[in-house]
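S.K.: Prediction below, plus the sequence it came from.
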Amino acid sequence: MTTPDPAPIRAFLDERHVAVAGRYGDHAATAIATRPVPESDAEARGEARALLGLLAAADWFQPIRTLDWRACCLAREALAAASPLADAVFALQALSCVPLLLADNAALRDRWVPAATTGRAMGAFAMTELEAGSDVGSIRTSARRDGGDYVLTGGKTLISNAGIADFYVVFASTDPRAGSKGLSCFVVPADTPGLRFVGAQVLSAPHPLGELAFDECRVPSDHRVGAEGRGMALGLATLDRLRATVGAAACGMAARALAEALSHARERRQFGRPLAEFQLVQEKLARMATDLTAARLLVYRAAAAADAGAERVTLEAAMAKAFATEAAQRIVDDAVQVLGGRGVLASHPVDRLYRAVRALRIYEGATEIQHLVIAGQLLRGDA
């Protein structure tokens with residue numbers, strides 16, 4: 001089994017994507033999966049910077065530059081199977097570049113996107129706050145005009161790459177009375193006075209995460225991404241396109257878990273015969289494989305629609321993200337069950353996947369939010 005395997009999703013791929021899938025799978029297996037797994041937050045932060053350079057040198061970020069969503073999904077599948085941390089590095093470069101690619105600020109785009117996609121700059125996407133997760137309209141970080149500048153005041157939490165990023169794509173309120181319609185988006189370089197890394201927030205899986213503070217942080221008005229008050233629309237457009245890639249990452253983790261379970265079932269003997277001969281084990285393996293294939297079809301349907309130029313892929317992306325991440329959680333859990341005691345050893349790949357996969361059901365829109373999005377589309381007749 002190769003990851004990503006183009007055969008089950010061939011109907012959604014062009015010939016060039018089949019070649020890309022092979023290249024990504026080979027490089028991830030030989031250059032990414034073989035790297036030591038960080039054991040501490042400090043090690044994870046250092047490894048994330050090292051992975052940025054490694055991925056850039058092998059041109060993994062090219063589909064971000066060209067907004068090739070199927071190639072982005074193939075990249076995330078391959079990386080997540082090999083290293084959830086490497087997948088996170090790719091995801092954050094995409095999250096920080098896509099708003100710049102979708103907006104009309106050519107100077108910001110030309111300054112940061114080439115640097116990010118060649119590994120010279122690490123990005124971060126700073127939207128979440130203590131009281132503003134799913135409810136983006138509750139963002140309290142403010143950006144007030146002061147002459148030719150904006151002055152940002154407030155804080156962000158649960159921000160990936162906080163403390164190691166070179167630039168932050170920050171969402172702040174320029175009109176608090178307008179709620180979500182008063183949000184704007186800014187690029188804030190990491191060395192901007194008034195921007196402060198408060199501290200790390202440590203996850204059970206290696207992943208650089210932390211809090212940021214904006215203490216009268218002054219940025220020039222030309223650092224605004226898109227029009228004032230259009231930050232919510234820009235953020236949603238970015239997430240609309242990237243949600244399918246979260247599903248792809250989930251599929252990569254699930255594929256690795258299934259491969260580990262298959263290998264173990266063939267080799268492990270109990271009661272005088274391989275585990276693979278027991279029907280209850282076969283039932284788990286069958287369900288895992290079926291869920292994985294269904295998830296991948298939903299993911300690449302959404303990515304193909306985006307690549308075909310669909311203005312919105314809200315329904316497709318929500319279905320893909322919700323189903324794939326929930327399915328991946330089930331698949332990884334079943335893999336742990338098949339492996340038994342070995343599956344809960346901290347050093348085993350399946351245990352690491354178990355810790356890493358859980359966050360995918362939350363970030364970039366929790367499963368419950370995706371279900372509300374899907375229902376809303378159905379009730380409006382947009383499906």
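M.R.: That came through fine.

S.K.: Residue ranges in this structure under the pLDDT threshold?
M.R.: Scanning the chain for pLDDT under 70 picks out 1-2, 383.

S.K.: ranges for the strands of it?
M.R.: Here the chain has its strands, by DSSP state E, at 123-126, 142-146, 149-160, 167-173, 183-189, 195-200, 209-220, 224-225, 269-270, 273-274.

S.K.: For the second one, which helices and strands make contact with it?
M.R.: Right, strand 142-146. strand 149-160, strand 167-173 (3 or more C-beta pairs under 8 Å, 6 or more residues apart in numbering; DSSP states H and E). For glycine as for every other residue, the C-beta is placed from the backbone atoms N, C-alpha and C.

S.K.: need these in JSON lines with mean neighbour count and distance to residue 335, can you?
M.R.: Converted to JSON lines, those look like this (neighbours: other C-beta atoms under 10 Å; distance: least, C-beta to C-beta, whole Å):
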{"stretch": "strand 149-160", "mean neighbour count": "21", "distance to residue 335": "25"}
{"stretch": "strand 167-173", "mean neighbour count": "26", "distance to residue 335": "35"}
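
S.K.: Turn the ones you listed into CSV, including distance to residue 245.
M.R.: Formatted as CSV, the helices and strands packed on strand 142-146 follow (distance: least, C-beta to C-beta, whole Å):
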stretch, distance to residue 245
strand 149-160, 14
strand 167-173, 17
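
S.K.: returning to that earlier point: list just the one of the strands of the chain that sits closest to residue 5.
M.R.: strand 273-274 (23.8 Å; C-beta to C-beta).

S.K.: Neighbouring strands of the closest one in the sheet, and parallel or not?
M.R.: strand 269-270 (antiparallel) (DSSP bridges).

S.K.: neighbouring contacts of the partner strand?
M.R.: Contact with strand 269-270 is made by 275, 278, as judged by C-beta atoms under 8 Å, 6 or more residues apart in numbering.

S.K.: quick one: contacts for residue 248?
M.R.: 4, 72, 73, 74, 76, 77, 80, 296, 299, 303, 324.

S.K.: Kindly recompute the last result at 6 Å.
M.R.: By C-beta atoms under 6 Å, 6 or more residues apart in numbering, the contact list for residue 248 reads 73, 76, 77, 299.

S.K.: for these, which one is nearest residue 127?
M.R.: When these are compared for distance to residue 127 (C-beta to C-beta), residue 76 comes out closest, at 19.8 Å.

S.K.: From residue 268, how far out is that closest one?
M.R.: 31 Å (C-beta to C-beta, to the nearest Å).

S.K.: The two: who's more crowded?
M.R.: residue 76 (32 against 15; other C-beta atoms under 10 Å).

S.K.: if I read this right, that one contacts residue 247, doesn't it?
M.R.: No. Counting by C-beta atoms under 6 Å, residue 76 stays clear of residue 247, with 8.8 Å between them.

S.K.: Any chance of the backbone angles for the spatially most distant residue from the centre of the chain?
M.R.: Most distant residue from the mean C-alpha position of the chain: residue 272, 43.5 Å away (C-alpha atoms, centre = their mean). When quoted as degrees, to the nearest 10, the phi and psi of residue 272 stand at phi 80, psi 10.

S.K.: Also residue 348?
M.R.: Per degrees, to the nearest 10, the backbone of residue 348 is at phi -80, psi 140.

S.K.: Please give the number of neighbouring residues around it.
M.R.: 18.

S.K.: contacting residues around it?
M.R.: residue 342.

S.K.: any idea how far residue 268 lies from residue 339?
M.R.: 8 Å.

S.K.: Only alpha carbons, please: show stretch 16-28 as CSV.
M.R.: C-alpha atoms of stretch 16-28 as CSV (Å, rounded to 0.1, in the frame of the first residue of the first chain):
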residue,chain,number,x,y,z
ARG,A,16,0.1,15.1,-13.5
HIS,A,17,-1.4,14.4,-10.1
VAL,A,18,-0.7,10.7,-10.5
ALA,A,19,3.0,11.5,-11.0
VAL,A,20,2.9,14.0,-8.1
ALA,A,21,1.4,11.3,-5.8
GLY,A,22,4.3,9.0,-6.5
ARG,A,23,6.9,11.6,-5.9
TYR,A,24,5.4,12.8,-2.7
GLY,A,25,4.9,9.3,-1.4
ASP,A,26,8.5,8.3,-2.2
HIS,A,27,10.1,11.4,-0.7
ALA,A,28,7.9,11.3,2.5
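
S.K.: No further queries at this time; thank you.
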